[in-house]
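**Student:** got a predicted structure plus its sequence, pasted below:
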Amino acid sequence: MEERIKQFLEERARAGLLRELTEVESLPGGRVLAGGREYINFSSNDYLGLSCHPDIIKAVRETAAPVFGSQASRLMTGSTASHHRLEEEIARLKNKRAALIFNSGYHANVGVISALCGKGDVIFSDRLNHASIVDGIKLSGARLFRFRHNDMDHLGRLLSRERAKYNGTLIITETVFSMDGDRAPIADIIRLKKKHNCMLMADEAHATGVFGKSGGGLLADEDAGGDTDIVMGTFGKALGSFGAYVAVSKAIRDYLVNACRSFIYSTALPVPVINANIAALDIVRRNPAPRTRLLAEAEYFRNRLKDRGFRAGGRSQIVPVTIGDAADTIRLAAYLKRMGYWVTPVRPPTVPEGTARLRLSVTSNHGRDLLDKFVEDISKY
Ligand SMILES: Cc1ncc(COP(=O)(O)O)c(C=O)c1O
């Protein structure tokens, strides 16, 4: 095994793909401190700047004493009134009968998919779905078919050819894709789900808080929550906190409480975190203006980059700028760092070979002046 580890590290280093952990402190206002220098953060998932919202900080402070840790899993003594209240709030926001909190989005995807699907079942998964979805599918033992990204003809053909050979069938998609910032064609997926009698799971990690009248996500925007059997999302992105959830029927919730191993065998989130999540939901529900503004600013930024000849994509607050070659992308990110911007280059294996990119995320902390300045600076490279 030691030999394999050594070989892995050497290969990654030779290809310029070895990842390292850098010490970074987040500062209020969408900035980070690293190596004694401040940078403007263009790699943050704190899309609405809620991670330092006074109501969230207050919710944490007011519940931090006298006990911080939850001391046990939810099925032992970790299921407080706050956990139940948060689940009710999520169910309401997502227009579902019930919800269940998970310790992270990774826990949720891995646990839920592997609890719902098994041998004899089949899963149709978008090719660009997140690693946590991929890992959940692997763990489930179900047969997997990956459809080309957002390609409904391909999904339809796969369903027609394969669906009847299996027992249970699950289609899985993100609603806003994490690395491409584009959106799933939800209405078409639902049409196929109904035609072929499947279940549908949607990952709203990057949509919750940003889309939807009350911040309920892209499914809420398209009135599609009712047709989506498992609506998954996280608190660690636009909601500025930590943890995750699924919004589901009462029966699926009860099933997961009894069968989902990442839920059962893990210590419950502490109450201060849960209360921060409740405060975050309250903020997004009451304040639609910041998300409307955020999406308009992101569209402006994307168009300005395109005007300057960059391959800027997406249809959300995430603006990927595809460079292609991994080494070129790393050099461009290093230049931007010298200019005072924190931009993490995204390379294979996180994205497909030949599509290395800067994943720029616009947040409520970036005003138009700053976005303009960024476009000027990147254009000088
Ligand atoms: C689409 C998607 N799903 C799930 C996750 C995992 O969420 P968490 O960070 O809460 O584990 C992420 C995180 O990057 C994500 O982008």
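**Tutor:** Perfect, thanks for sending it. Numbering: from 1, shown residues only.

**Student:** do you have the strands of the stretch 51-200 of the chain handy? List them.
**Tutor:** 98-102, 122-126, 143-147, 169-174, 199-203 (DSSP state E, counting those that start in this stretch).

**Student:** residue of this protein nearest the ligand, please.
**Tutor:** Shortest the chain-to-the ligand distance, computed as Cβ to the nearest ligand atom: residue-wise this is G105, at 2.2 Å. C-betas here are computed from N, CA, C, even on glycine.

**Student:** from what I can see that residue touches F242, true?
**Tutor:** No. Judged on Cβ atoms under 8 Å, G105 makes no contact with F242 at a distance of 10.0 Å.

**Student:** what do those two both touch?
**Tutor:** G236 (Cβ atoms under 8 Å, 6 or more residues apart in numbering).

**Student:** the two: who's more crowded?
**Tutor:** Neighbours were counted for G105 and for F242 using other Cβ atoms under 10 Å; G105 has more, 24 against 18.

**Student:** model confidence score at that one, please.
**Tutor:** G105 carries a pLDDT value of 98.

**Student:** and it, how far is that from I5?
**Tutor:** As for G105, its distance to I5 is 28 Å (criterion: Cβ to Cβ, to the nearest Å).

**Student:** tell me which stretches of the stretch 151-300 of the chain form helices.
**Tutor:** Using DSSP state H, counting those that start in this stretch, the helices of the stretch 151-300 of the chain run over residues 152-162, 186-195, 218-221, 250-259, 261-264, 271-286, 289-307.

**Student:** of these, which shows the lowest average pLDDT?
**Tutor:** Across the helices of the stretch 151-300 of the chain, the lowest-scoring stretch is helix 218-221, with a mean of 92.

**Student:** if we look at it, which residues are touching it?
**Tutor:** 93-95, 175-176, 183-184, 186, 202, 204, 207, 211-214, 224-225, 228, 231.

**Student:** so among those, which ones count as buried?
**Tutor:** 93-95, 175-176, 183-184, 186, 202, 204, 207, 211-212, 214, 224-225, 228, 231 (16 or more other Cβ atoms under 10 Å).

**Student:** for the residue of the chain closest to the ligand, what are its contacts?
**Tutor:** H130, S132, D203, A205, M232, G233, T234, G236, A244.

**Student:** confidence score at the last one?
**Tutor:** So the one you mean is A244. With respect to pLDDT, A244 scores 98.

**Student:** do I have it right that it meets G233?
**Tutor:** Yes. With contact defined as Cβ under 8 Å, A244 counts as touching G233 (6.6 Å).

**Student:** circling back: right, so of the strands of the stretch 51-200 of the chain, which gets closest to F42?
**Tutor:** strand 169-174 (20.8 Å; Cβ to Cβ).

**Student:** now that closest one: average pLDDT?
**Tutor:** Mean per-residue pLDDT for strand 169-174: 98.

**Student:** and it, which strands flank it?
**Tutor:** The pairing partners recorded for strand 169-174 under DSSP bridges are strand 122-126 (parallel), strand 199-203 (parallel).

**Student:** near the ligand, which residues of the stretch 51-200 of the chain?
**Tutor:** S104, G105, Y106, N109, H130, S132, E174, S178 (Cβ under 6 Å from any ligand atom).

**Student:** neighbours of the third one, how many?
**Tutor:** Around Y106 sit 19 other residues, with neighbours defined as other Cβ under 10 Å.

**Student:** and for the fifth one?
**Tutor:** Using other Cβ under 10 Å, the number of residues around H130 comes to 21.

**Student:** now do the last one
**Tutor:** Neighbouring residues of S178 were enumerated by other Cβ under 10 Å; the total is 23.

**Student:** show me what contacts it?
**Tutor:** S178 touches H130, A205, H206, I318, counting by Cβ under 8 Å, 6+ apart.

**Student:** the second one and G69: what is the separation?
**Tutor:** Using Cβ to Cβ, one obtains 26 Å as the distance from A205 to G69.

**Student:** could you do the first one as well?
**Tutor:** According to Cβ to Cβ, H130 stands 29 Å off from G69.

**Student:** swap in the last one?
**Tutor:** Taking Cβ to Cβ as the measure, I318 falls 34 Å from G69.

**Student:** between the two, which one's more packed in?
**Tutor:** Between I318 and G69, counted using other Cβ under 10 Å, I318 has the larger neighbour count: 24 against 10.

**Student:** where does the stretch 51-200 of the chain have low pLDDT?
**Tutor:** Applying pLDDT under 70 to the stretch 51-200 of the chain flags residues 65.

**Student:** for burial, what's the neighbour tally of P345?
**Tutor:** Neighbours of P345 using other Cβ under 10 Å come to 21.

**Student:** I figured it hits V351, correct?
**Tutor:** No. Contact status for P345 versus V351: not in contact, 10.1 Å apart, counting by Cβ under 8 Å.
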